[in-house]
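K.L.:
I need the structure of the sequence given here:
(one chain, ligands or ions: 3)
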Amino acid sequence: MTVDAQAILDRCDTLAGESSTAEGIERVYLSPEHSAVNRLAAGWMSEVGLETWTDAAGNQRGRLEGSTPGLPALLLGSHLDTVPNAGRFDGILGVMLAIAVVDRVRASGRTLPFALEVLAFGDEEGTRFGTALLGSRAVAGTWDDAWWTLADASETTLREAFVAFGLDPERVGEAAHPAGAAIGYLEAHIEQGPYLEEADRALAVVSSIAGARRFAMALTGEAGHAGGVPFHRRHDALAGASEVVLAVERLARDAGCIATVGRLQAFPGGVNVIPGRVEFSLDLRGETDAARDAVFSGILAVAADTCERRGLAFAVEETHNAPAVVADAALQRAVRAGIRATWDAEPMTLFSKAGHDAMALAESVPWAMLFVRNGRGGISHHPDETVTVEDVATALDAFEAAVLAVAETYPA
Ligand code: HGY
Ligand code: MN
Ligand code: MN
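P.N.:
Ligands and ions are numbered 1, 2, ... in the order given. Next comes the predicted model:
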């Protein structure tokens, strides 16, 4: 009996129990919870015949040889880390589907013209250190040593977190797959949007992923007495930031991009004190980098004008930048073939405004993605994230058929 859809959902529930918070799910890179889910994933990988290891960046990996040992691998995977108060399927479902596909291939007795590698990435979200895709960028060979000094909320640096997790920072490069060692990357992921549900479809192939940039912004004015300082003498950083936040929404919407201020803090934070400083985040995405960057220029112009009028100072630091990427045409065809194998004759295609590890892998290998319907309005980064066992079963059939479709056309 191979790993079926119900077993996949049960495993997502098991992993949901590995959280740093008593309420909700939060699991960040290089945490004890990350270590725990790596162990669980390694066990399930071993059960289906994968040789497992934790790589030099803390990703949990498994490999099943092809027709002869040492062949280049088709990579299958997603991530096991989460945002705060997460759902139980974002990333996790893709890793569990990848393991189940390997189980099906092995149980069928087929040997493929390539190896299969399952990758459970440790940091897609960037929740702990702000910069995202750290695990998958290590595998893609695009690690940036400037990241070592990134610090989390407790001032622990990435370098210190590596050592505490049992990793050697000097060896992070060993996580990268050597040139020619991977033929491509396929990722199955819950759709983080409403479009499959609206179309009453279970699956879609992803055409491209939005380019994303993240920033830490700050406005500095002058704290003061909430009663004693008349309006004309104020330099209220929160009133200024509020103008900028509304401009973020307006400019992104007008340009067909999407932007979010997810975190904002006013200092000193007294209810009877005019905020002297506000720090806030900006998450900005666009189908093209040019459209996204034009919105950013507009936001900077509004910030400059607001600061001029209100006597504020403005500071901005970029914390993440991942270019828009287009899925490989041949691998998209394989995913479409997989979807057709589930009696969906006209596979739906979606552009992903959500970021994925595929953006990092795109730097080194061709990629494609399979989206799985997310019930309840497509809500994600939220406990109400939902998939049905029927859709997971359909996704498993499609993902397996997509892998076999790659095998039929390989080497291209
Ligand atoms: O933010 C994103 O789009 C992804 O879920 N990390
Ligand atoms: Mn996410
Ligand atoms: Mn994700």
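K.L.:
what separates Leu9 from ligand 1, distance-wise?
P.N.:
To ligand 1, Leu9 is 20 Å away according to Cβ to the nearest ligand atom, to the nearest Å. (C-beta placed from N, C-alpha, C; glycine too.)
K.L.:
quick one, helices of the stretch 151-300 of the chain?
P.N.:
Ranges of helices in the stretch 151-300 of the chain, per DSSP state H, counting those that start in this stretch, are 158-165, 195-199, 237-254, 289-310.
K.L.:
so which of those helices gets nearest ligand 3?
P.N.:
Of all the helices of the stretch 151-300 of the chain, helix 195-199 sits nearest to ligand 3, with 15.5 Å by Cβ to the ion.
K.L.:
dump that closest one to CSV, restricted to CA.
P.N.:
Output in CSV follows, covering the C-alpha atoms of helix 195-199 (Å, rounded to 0.1, in the frame of the first residue of the first chain):
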residue,chain,number,x,y,z
TYR,A,195,-8.8,31.3,-8.5
LEU,A,196,-9.0,27.4,-8.6
GLU,A,197,-11.9,27.5,-6.2
GLU,A,198,-13.7,30.2,-8.3
ALA,A,199,-13.1,28.1,-11.4
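K.L.:
right, is stretch 128-136 up against ligand 3?
P.N.:
No - using Cβ under 5 Å from the ion, stretch 128-136 stays clear of ligand 3, with a minimum separation of 9.8 Å.
K.L.:
off-centre distance for that stretch?
P.N.:
9 Å (Cα atoms, centre = their mean, to the nearest Å).
K.L.:
now the end-to-end length of it.
P.N.:
One end of stretch 128-136 sits 15 Å from the other (Cα to Cα, to the nearest Å).
K.L.:
for it, buried residues please.
P.N.:
Residues of stretch 128-136 classed as buried: Arg128, Phe129, Gly130, Thr131, Ala132, Leu133, Leu134, Gly135, Ser136 (neighbour count, 16 or more other Cβ atoms under 10 Å).
K.L.:
stretch 208-222 now?
P.N.:
By 16+ other Cβ under 10 Å, the buried positions in stretch 208-222 come out as 208-222.
K.L.:
how far out from the middle of the chain is that stretch?
P.N.:
With Cα atoms, centre = their mean as the basis, stretch 208-222 stands 17 Å off its chain's centre.
K.L.:
model confidence over that stretch, on average?
P.N.:
Mean pLDDT, stretch 208-222: 97.
K.L.:
pull the CA atoms of it into PDB?
P.N.:
The C-alpha trace of stretch 208-222 is given here as PDB (Å, rounded to 0.1, in the frame of the first residue of the first chain):
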ATOM      1  CA  SER A 208       5.400  32.400 -13.700                       C
ATOM      2  CA  ILE A 209       6.000  33.700 -10.200                       C
ATOM      3  CA  ALA A 210       5.900  37.400  -9.300                       C
ATOM      4  CA  GLY A 211       9.100  39.200  -8.600                       C
ATOM      5  CA  ALA A 212       9.200  40.200  -4.900                       C
ATOM      6  CA  ARG A 213      11.100  42.800  -3.000                       C
ATOM      7  CA  ARG A 214      10.900  43.400   0.800                       C
ATOM      8  CA  PHE A 215      12.000  46.500   2.600                       C
ATOM      9  CA  ALA A 216      12.400  47.800   6.200                       C
ATOM     10  CA  MET A 217      11.300  51.400   6.300                       C
ATOM     11  CA  ALA A 218      11.400  54.000   9.000                       C
ATOM     12  CA  LEU A 219      10.000  57.500   9.400                       C
ATOM     13  CA  THR A 220      11.500  59.700  12.200                       C
ATOM     14  CA  GLY A 221       9.800  62.800  13.500                       C
ATOM     15  CA  GLU A 222       9.600  64.100  17.100                       C
END
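K.L.:
do that stretch and ligand 3 come into contact?
P.N.:
No - shown here: stretch 208-222 not in contact with ligand 3 (Cβ under 5 Å from the ion), separated by at least 10.8 Å.
K.L.:
is that stretch anywhere near ligand 1?
P.N.:
No - Stretch 208-222 lies out of reach of ligand 1 by Cβ under 6 Å from any ligand atom, never closer than 6.7 Å.
K.L.:
for stretch 135-149, same thing?
P.N.:
No - judged by Cβ under 6 Å from any ligand atom, stretch 135-149 makes no contact with ligand 1; its nearest approach is 10.9 Å.
K.L.:
which residues touch that stretch?
P.N.:
Stretch 135-149 is contacted from outside by 29, 55-59, 79, 81, 119, 121-124, 129, 131, 134, 157-159, 169, 172-173, 175-177, 357, 359-365, using Cβ atoms under 8 Å, 6 or more residues apart in numbering.
K.L.:
those, buried ones only, as a ChimeraX selection?
P.N.:
Command for ChimeraX, covering only those of the contacts of stretch 135-149 found buried under the criterion 16+ other Cβ under 10 Å:
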select :29,55,56,57,58,59,79,81,119,121,122,123,124,129,131,134,157,158,159,169,172,175,176,177,357,359,360,361,362,363,364,365
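K.L.:
can I get the helices of the stretch 151-300 of the chain in JSON lines with mean pLDDT and distance to Val387?
P.N.:
Formatted as JSON lines, these follow (pLDDT from 0 to 100; distance: least, Cβ to Cβ, whole Å):
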{"stretch": "helix 158-165", "mean pLDDT": "98", "distance to Val387": "30"}
{"stretch": "helix 195-199", "mean pLDDT": "96", "distance to Val387": "10"}
{"stretch": "helix 237-254", "mean pLDDT": "98", "distance to Val387": "29"}
{"stretch": "helix 289-310", "mean pLDDT": "98", "distance to Val387": "29"}
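K.L.:
alright, calling it a day.
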